[in-house]
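> could you look at this predicted model? Sequence included:
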Amino acid sequence: MIDLLELNKVYKMDNLELLNKLPSNYINLIYCDILYNTGRKFKDYNDNLGTPMQAIEWYRPRIEEMYRVLKDTGSIYLHMDYRLVHYMKVLMDEIFGFDCFRNEIIWSYKRWCGKSEIKLQSMHDNILFYSKGKNKINHLYEEIENPKLYQNRKNKNGDVIRNEDGSVKYFPQYERQIDDVWCIDILNPRAKERTGYNNQKPKSLLERIIKASSNKDEIVLDLFCGSGTTMVVAKELGRKFIGCDISERAIEISEKRLMEVDGKVEGNVSECVS
């Protein structure tokens, strides 16, 4: 038996087993790049849970446990694609509550794809964002490289600033608040952060999520940690973390990346044998 209350570790075990060992109302933020149920067997994992209904029943006890371990002010982001998103939203509405739905984030990216004779190209993933209760988000902003939008401003008295002739004065807008459509390119083959792990997500994607829905020293949980991007970003941003995956290769890559972060974490990996 191991003490899963020890933070900043990656555990090689089934994620449902790990969830069962965590206390209730403990985690501030959950991010999971879940199995999409493509039916494919990748080099690093088998992405086949059966029919959509079989996949949802596999997820059900895991989502129920995610709800239990999440703090009342906590947030959860589940990353998937078109294959399961509508089924998962129904399941999330059932367990978390319809009123706890916050956003369906569209991650739009560019990649080379062959032509299809029957449909438009699929060029985005879906990220379902829910809270357990009364969460609070840290709004983020991004720069506008070539500002073409303009906005008016108000003075200290709350009045719109005007020109000498009385007309409304407009100012160039150099940044905009990030909304629920994210245009972040996938990792190119030569990206320095690429590890060779199948379907690795870019750090910039995780930075948005972790910055938006957690603060320093809070706990981030990733139950499908893969190459460890969530834990790496959490550590770099001063968060605590727990990672989990059943793949030996995922654990090895995650450990190596965590050891490369400034202020190395000693003994990142623990294994639980049932």
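Nice, thanks for sending it over.
> need the distance between the two termini of stretch 179-188.
Chord length of stretch 179-188, first to last residue, is 24 Å (C-alpha to C-alpha, to the nearest Å).
> quick one: it to chain centroid distance?
Between the mean C-alpha point of stretch 179-188 and the mean C-alpha point of its chain there is a distance of 12 Å (C-alpha atoms, centre = their mean, to the nearest Å).
> burial count for residue 234?
Using other C-beta atoms under 10 Å, residue 234 has 29 other residues around it. The C-beta positions use only the backbone N, C-alpha and C, and glycine is treated the same way.
> I'd say it and residue 240 touch.
Yes - judged on C-beta atoms under 8 Å, residue 234 makes contact with residue 240 at a distance of 7.3 Å.
> what's the overlap in contacts for those two?
Overlap between the contact sets of residue 234 and residue 240, as judged by C-beta atoms under 8 Å, 6 or more residues apart in numbering, is given by residue 220.
> okay, now the domains of the chain?
Each structural domain of the chain that the record assigns through automatic domain parsing is listed here as a residue range: 9-139+179-271, 141-177.
> report the strands that pair with the longest strand along the chain, each with its relative direction.
Counting by DSSP state E, the longest strand found in the chain is strand 70-80. Applying DSSP bridges, strand 70-80 is found paired with strand 27-33 (parallel), strand 124-131 (antiparallel).
> hey, which of those is tucked in deepest?
strand 27-33 (a mean of 25; mean count of other C-beta atoms under 10 Å).
> roughly how far is the longest strand of the chain from the heart of the chain?
Using C-alpha atoms, centre = their mean, the distance from the centre of strand 70-80 to the centre of the chain it belongs to is 9 Å.
> can you check stretch 200-211 too?
Here the centre of mass of C-alpha atoms in stretch 200-211, compared against the chain's by C-alpha atoms, centre = their mean, lies 7 Å away.
> quick one, strands of the stretch 151-274 of the chain?
170-172, 175-177, 181-183, 219-222, 240-245, 269-271 (DSSP state E, counting those that start in this stretch).
> export these to a markdown table and tack on mean pLDDT and mean neighbour count?
Supplementary listing: the strands of the stretch 151-274 of the chain in a markdown table, determined by pLDDT from 0 to 100; neighbours: other C-beta atoms under 10 Å:
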| stretch | mean pLDDT | mean neighbour count |
| --- | --- | --- |
| strand 170-172 | 82 | 11 |
| strand 175-177 | 89 | 11 |
| strand 181-183 | 95 | 14 |
| strand 219-222 | 98 | 26 |
| strand 240-245 | 97 | 26 |
| strand 269-271 | 49 | 14 |
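> and the ones you listed as a markdown table, adding distance to residue 30?
Formatted as a markdown table, the strands of the stretch 151-274 of the chain follow (distance: least, C-beta to C-beta, whole Å):
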| stretch | distance to residue 30 |
| --- | --- |
| strand 170-172 | 39 |
| strand 175-177 | 24 |
| strand 181-183 | 18 |
| strand 219-222 | 5 |
| strand 240-245 | 10 |
| strand 269-271 | 20 |
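> out of those strands, flag the one nearest residue 123.
Residue 123 lies closest, by C-beta to C-beta, to one member of the strands of the stretch 151-274 of the chain: strand 181-183, at 10.4 Å.
> give the other helices and strands that that closest one contacts.
In this structure, strand 181-183 makes packing contacts with strand 101-108, judged by 3 or more C-beta pairs under 8 Å, 6 or more residues apart in numbering; DSSP states H and E.
> just the angle between the strand it packs on and strand 124-131, please?
Counting by axes from the mean of the first three to the mean of the last three C-alpha atoms, to 10 degrees, strand 101-108 points 160 degrees away from the direction of strand 124-131.
> returning to what we had before: got JSON lines for the strands paired with strand 70-80, with mean pLDDT and distance to residue 74 too?
Putting the strands paired with strand 70-80 into JSON lines (pLDDT from 0 to 100; distance: least, C-beta to C-beta, whole Å) gives the following:
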{"stretch": "strand 27-33", "mean pLDDT": "98", "distance to residue 74": "5"}
{"stretch": "strand 124-131", "mean pLDDT": "97", "distance to residue 74": "7"}
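> look up how far residue 183 lies from residue 85.
According to C-beta to C-beta, to the nearest Å, residue 85 and residue 183 sit 19 Å apart.
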